[in-house]
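Asker: coordinates for the following, if possible.
(2 chains)
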Amino acid sequence: MTRKRRRMAFLAAGLACFALAAALVLAALEDKVTFFYSPSDLAVEPVGPDARIRLGGLVVEGSVARTGDGLTTTFELTDGAASVPVSYTGVLPDLFREGQGIVAAGRLVGGAAGARVPDAVFMADEVLAKHDETYMPPEVAEALVEAGYWREDPPR
Amino acid sequence: MPSFPHSLASPARFRRLSRRVLPWASALAAGLLGVGLVWALGFAPPDYQQGDTVRVMYIHVPAAWMAMLCYAVMAALSASFLVWKHQLADLAARASAPIGACFTAVALITGSLWGKPTWGAYWVWDARLTSVLALFFLYLGHMALAGAFDDRERGGRAAAILAVVGAVNLPIVKFSVDWWNTLHQPASVLRLDGPAIHGSMLWPLLTMAAGFAAFYVAVLLVRIDGESAARRVEVLTRRRAAGA
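Answerer: As a prediction, the model looks like this:
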């Protein structure tokens, strides 16, 4: 084996070991690296009432309501399998609308300890809109809706 | 073993090639970026959801792509420097780091300016944003290590090892949006089932990306020339000090 060959083998082996270590760390961190939980995750593993978590999902069509003071908004957040009622007081991002993906940060309040989701309300103190990977001009979006390829409301 | 890096490894031959390519790369960069900017900012349509905020994408996405590409090039050069000890690979890796750091900074800053109106936050600690920040620090670490030793060779070797090891971060940046729930959206262009972006926006984006790539080649060639001159000065200074 020449010196160059040896250096190359050493480099390749080192990199492979490091990549393996990184992969193991990331696999172990899986849950912690996740930016938000889905409503189904909450149903599977209940979180304590004091834990501040982020909850992500789609705003259920027709569920958005504003309370008397005009500042508090309540809506249902779903991932298709489970849904959680959310209450938020504050200014919502421009992209917030029914059917939109959002991430809310806050605490799960109400319901008995370890209760399943339907009893509890998620009191959010921060709401972020999640943008998806689709980009198109408004006319194309309208045409898609008219042609029935797309179920979302026409853009405003 | 591939033979082309070896034939390029002669500094004189590389300089001849570089002198010939530079004017073309510069002209291409100026042309593509000029056309791309007017197209993207003036003529491309607004997005159905984001409105005109979408125009940030025409800077953000090419900068982010180049940040990754530049790191991949730097890591490959560093590996070849460690194995074959080509001085030119060391010079090119040193020349790459500040360019990549700038691309990464542009991607982070424009992304943050887009995030506020779209998401409602300048910054979140999700996997994509955090791994790109790590990429930025890898570039800074490379620059610091390369200059941290009195012996230029040792600095180059330490920086090269960091660059190769840091390459593990590249797939993490790219696939972070698929592996974990992130606030950042998944890929729109580089994905298996075709771009999820309308042609009227895709083409100005690709023009900008080509312009960024040509700009990268031009700046890299100029910086390699500069690094090579700096190295010659260092060698001559040391030789004179030894002779005196």
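Asker: which stretches of chain B form strands?
Answerer: Assigned by DSSP state E, chain B shows no strands.
Asker: any regions of it where pLDDT drops low?
Answerer: B:1-9, B:244 (pLDDT under 70).
Asker: in it, which helix has the most residues?
Answerer: helix B:199-243 (DSSP state H).
Asker: does that helix reach chain A?
Answerer: Yes: Helix B:199-243 lies within reach of chain A by CB under 8 Å from any CB of the partner chain, at B:200-201. (C-beta placed from N, C-alpha, C; glycine too.)
Asker: by contact count, what packs against that helix?
Answerer: Packing partners of helix B:199-243 (3 or more CB pairs under 8 Å, 6 or more residues apart in numbering or on different chains; DSSP states H and E): helix B:11-38, helix B:57-84, helix B:87-118.
Asker: now those helices in CSV, with distance to chain A and mean neighbour count?
Answerer: Shown next, in CSV, are the helices and strands packed on helix B:199-243 (distance: least, CB to the nearest CB, whole Å; neighbours: other CB atoms under 10 Å in any protein chain shown):
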stretch, distance to chain A, mean neighbour count
helix B:11-38, 16, 15
helix B:57-84, 5, 22
helix B:87-118, 5, 21
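Asker: who wins for proximity to A:E45 among those helices?
Answerer: helix B:87-118 (29.4 Å; CB to CB).
Asker: could you check the angle helix B:57-84 makes with the closest one?
Answerer: 150 degrees (axes from the mean of the first three to the mean of the last three CA atoms, to 10 degrees).
Asker: now helix B:87-118: how far from the chain's centre is it?
Answerer: Helix B:87-118 has its C-alpha centroid displaced from the chain centroid by 6 Å (CA atoms, centre = their mean, to the nearest Å).
Asker: got the contact list for residue 33?
Answerer: Using chain A here. Neighbouring residues of A:V33 by CB atoms under 8 Å, 6 or more residues apart in numbering or on different chains: A:26, B:127, B:179-180.
Asker: that's the wrong chain, I meant chain B
Answerer: B:208, B:211-212, B:215.
Asker: where does A:I102 land in three-state SS?
Answerer: Under DSSP: H, G, I helix; E, B strand; the rest coil, the three-state class of A:I102 is strand.
Asker: which residues sit against stretch A:83-93?
Answerer: A:39, A:42, A:55, A:57, A:60, A:71-78, A:102, A:104, A:106, A:108, A:117, A:120-129, B:117-120.
Asker: the strand or helix carrying A:P85 pairs with which strands, and in what direction?
Answerer: Element membership for A:P85 (DSSP states H and E) is strand A:83-89. Note on strand A:83-89: by DSSP bridges, its sheet partners are strand A:72-78 (antiparallel), strand A:121-129 (parallel).
Asker: and those as TSV, adding mean pLDDT and mean neighbour count?
Answerer: Shown next, in TSV, are those (pLDDT from 0 to 100; neighbours: other CB atoms under 10 Å in any protein chain shown):
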stretch	mean pLDDT	mean neighbour count
strand A:72-78	88	20
strand A:121-129	87	20
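Asker: just give me the neighbour total for A:T67.
Answerer: 11 (other CB atoms under 10 Å in any protein chain shown).
Asker: which residues touch the nearest residue to it once chain neighbours are set aside?
Answerer: Excluding the flanking residues, the one nearest A:T67 by CB to CB, 6 or more residues apart in numbering or on different chains is A:T74, at 6.8 Å. With contact taken as CB under 8 Å, 6+ apart, A:T74 is in contact with A:63-67, A:85-88.
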